[in-house]
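J.: Just the structure for this:
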Amino acid sequence: MRFMTVLIFLILFCGTSFAQIVTVVAPTANIRSSPSMKDSYVIIEAPRNYPLSVQSQRGDFFEVRDFLGRRGWIQKSLINEKARGVVVEVSSMNVRQGPGTGYPVVFRAEQGVAFKVLGEKDGWLHVEHAGGKSGWVYKSLTWGQ
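T.: Got it, this is the predicted structure:
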């Protein structure tokens, strides 16, 4: 029984040790094929506020995964470990004036659009796009933060 408890603990601990979400803070960040500026190519150009799940770390690079499951390497200087960002996970969604479906739609956002998270209320996120538009989105339609 003790062996099973230790095994479960190790599986859970190892599985969550790098489950951190980080957010791109540069206007655009290159996610590369390897942890090198010289010996790699760009896999993804991620916009500001784009969330990424950290998988591992090597020197000044994080190995990351995005909401589509794409993996690559990003320089630590291009991300913030404390900023909150989300990306639209569904094909499109409404961005509303307030936290609920009773509020008017301000604009629509397509899959892959990234937002800075300003706050949260009752399952809704107050978000702001890098272009300045802001509003409220239903949290379960996003990935990140």
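J.: list the contacts for the closest residue to residue 122 other than its chain neighbours?
T.: Leaving out its chain neighbours, the residue that sits closest to residue 122 by CB to CB, 6 or more residues apart in numbering is residue 99, at 5.8 Å. Quick note: C-beta positions are derived from backbone N, CA and C, even for glycine. Neighbouring residues of residue 99 by CB atoms under 8 Å, 6 or more residues apart in numbering: 121, 122, 124, 126, 136.
J.: From those residues, list the buried ones, please.
T.: 124, 126, 136 (16 or more other CB atoms under 10 Å).
J.: quick revisit: list phi and psi for the residue nearest to residue 122.
T.: phi -80, psi 70 (degrees, to the nearest 10).
J.: Residue 28 and residue 99, how far apart?
T.: Note on residue 28: its distance to residue 99, by CB to CB, to the nearest Å, is 30 Å.
J.: my bad, residue 65
T.: With CB to CB as the criterion, residue 65 and residue 99 are 29 Å apart.
J.: got a pLDDT number for the residue nearest to the spatial centre of the chain?
T.: Centrality entry for the chain: nearest residue to the mean C-alpha point is residue 51, 1.7 Å, by CA atoms, centre = their mean. On the pLDDT scale, residue 51 is placed at 98.
J.: Just the helices from the protein, written as ranges.
T.: Using DSSP state H, the helices of the chain run over residues 2-16.
J.: which residues pair with the residue nearest to the centre of the chain across the strands?
T.: residue 23 (DSSP bridges).
J.: Looks like it contacts residue 83 (just checking).
T.: No: taking contacts as CB atoms under 8 Å, residue 51 lies outside contact range of residue 83: 9.1 Å.
J.: Next, show the common contact partners of the two.
T.: The contact lists of residue 51 and residue 83 share 22, 23, where a contact means CB under 8 Å, 6+ apart.
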